[in-house]
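S.K.: fold the following and give me the result.
(one chain, ligands or ions: 1)
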Amino acid sequence: MAKRENTFLVKKFEIIIKTLHGLEEVLAQEVKEKFGERAEKLTILKRAISVEGDKKLLYEANLHLRTAIKVLIPILDFRAKTEAELYKSVQRIDWSKYLTFKDTLSVDGVVNSQYFNHSGYVALKAKDAIVDQFRKNSGIRPSVNTTDPTVRVNIHISEDSGTISLDSSDEPLYKRGYRVDTISAPLNEVLAAGMIQLSGWNRESTFIDAMCGSGTLPIEAAMLCANIPPNFYRKEFGFQRWKDFDNLFWAEIIEDAKRSIEKNKSFPQILGVDVSRKSFRKTIENSHHAFLREMITAKVCAFEEFEPPYASSGATLIINPPYGERLKKEDIENFYGMIGNRLKHHFSGYNVWILSGNFEAIKKIGLRPCKKYSLYNGSIECKFLGFSMYDGSRKQKDISDF
Ligand SMILES: C[S@@+](CC[C@H](N)C(=O)[O-])C[C@H]1O[C@@H](n2cnc3c(N)ncnc32)[C@H](O)[C@@H]1O
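M.R.: Presented below is the predicted three-dimensional model:
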């Protein structure tokens, strides 16, 4: 046992951890805090970071990193401008190291290239190259299973340079497993976790989402506060189906995670408020499913009438208001004007953050942000603006430059 663990832990390899646009620094910070020097050669990439680590780090990254979307192990870098070159490159890998003909396989393609313009086609060609290798060597080929494969392969091509990786997460990591019900425009869980970390909330003072929809922000805030790993309730990760999966070792990681969950500290007030009764019910149901029901207070109230609790130092409000796709321009601008007025008169002492994809409406808030980030909510480009509601910031200011 000891011998196995040694060889298991010592071997280091490159790991690519994918995230959303604008959250790269947050992810890097999470990696530093969680793994310290165990994560070597940390490099920030576009919508990803790269580190060197061992299998323990790979498993833990899937479980613990709140802003990670996928954890990949790159196994080959290649250059290709044609389908034939792509096929040849994929066959340079000895695939019998990773799966047998009895296993199943799925290939995902991500392509940004003048030479290859269809990611589905690239994935199909790569899959053919893998199964042909098996057929040639043993006469039998693994079958394809796009939902539950033994091994999910990721092929990424940018112009003529490509990378083939094993996808240790399989389903993206925002599928935490706690959400049973959503409203029509819920935030991606990874985006919500990233927004909370960007807001600088200290995890000890009041946290409010006053337009909480299905409760994503309060749930992510409560998990952060109680140190519950974001994917603690997920049923399975890709690496658990791999040949080299070490069940005992994984059980130890889960036990460590359980031990570090905070059960006895006094938690701050975490409030999810929404004008809609349907959203209120979804917030209750989802927080119940995340075993966080007692940490989150849900309430039905219109923002127009909501009186927040007294702001202790660090009290934070984050809202993701409607962007107004289905409303008249005038109505949505009045709505944002109302938000600004409420903030000025009722949220003294709060750190306020607003995520919105309606850049014209944001100006109607009439406050100057002290911080701003560019994020994407799905395909919608958004601004995530921070306002400190101390007395000096209440004056109406021109924010046309935002
Ligand atoms: C974009 S959704 C928020 C989604 C949420 N962040 C989630 O992850 O599910 C906007 C929410 O604002 C709520 N809302 C709209 N007008 C409101 C108002 N006047 N007061 C409070 N909530 C409001 C809607 O009911 C909706 O749930």
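S.K.: quick check: buried residues in stretch 332-344?
M.R.: By 16 or more other Cβ atoms under 10 Å, the buried positions in stretch 332-344 come out as 332-333, 335-336, 338-340, 342-344. Glycine gets a C-beta too; all of them are placed from N, C-alpha and C.
S.K.: take those and write them to a markdown table, including secondary structure and distance to the ligand.
M.R.: Shown next, in a markdown table, are the buried residues of stretch 332-344 (DSSP: H, G, I helix; E, B strand; the rest coil; distance: Cβ to the nearest ligand atom, whole Å):
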| residue | secondary structure | distance to the ligand |
| --- | --- | --- |
| 332 | helix | 10 |
| 333 | helix | 14 |
| 335 | helix | 7 |
| 336 | helix | 11 |
| 338 | helix | 8 |
| 339 | helix | 9 |
| 340 | helix | 13 |
| 342 | helix | 10 |
| 343 | helix | 13 |
| 344 | helix | 16 |
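S.K.: of the residues you listed, just say which sits nearest to residue 199.
M.R.: Among those, residue 343 lies closest to residue 199 (Cβ to Cβ), at 14.8 Å.
S.K.: close to the ligand: what parts of the chain are there?
M.R.: For the chain, the contact set with the ligand under Cβ under 6 Å from any ligand atom comprises 183, 185-187, 211-214, 216-217, 274-276, 279, 302-304, 320-322.
S.K.: Provide the strand pairings for the host helix or strand of residue 298, with the direction of each partner.
M.R.: Using DSSP states H and E, residue 298 sits in strand 296-300. If you go by DSSP bridges, strand 296-300 pairs up with strand 270-274 (parallel).
S.K.: how far is the helix or strand hosting residue 86 from where the chain is centred?
M.R.: In this assignment (DSSP H and E), residue 86 forms part of helix 83-91. How far helix 83-91 lies from its chain's middle: 32 Å, per Cα atoms, centre = their mean, to the nearest Å.
S.K.: can you map out the helices along the stretch 101-250 of the chain?
M.R.: Under the criterion DSSP state H, counting those that start in this stretch, helices of the stretch 101-250 of the chain are mapped to 119-138, 189-199, 216-225, 247-260.
S.K.: okay, those helices, which one's buried deepest?
M.R.: With neighbours defined as mean count of other Cβ atoms under 10 Å, these peak in mean count at helix 216-225, which reaches a mean of 27.
S.K.: ok so, going back, show the buried residues in the residues of the chain next to the ligand.
M.R.: 183, 186-187, 211-214, 216-217, 274, 279, 303, 320-322.
S.K.: narrow the residues you listed to those in strands?
M.R.: Judged by DSSP state E, the subset of those located in strands is residue 274.
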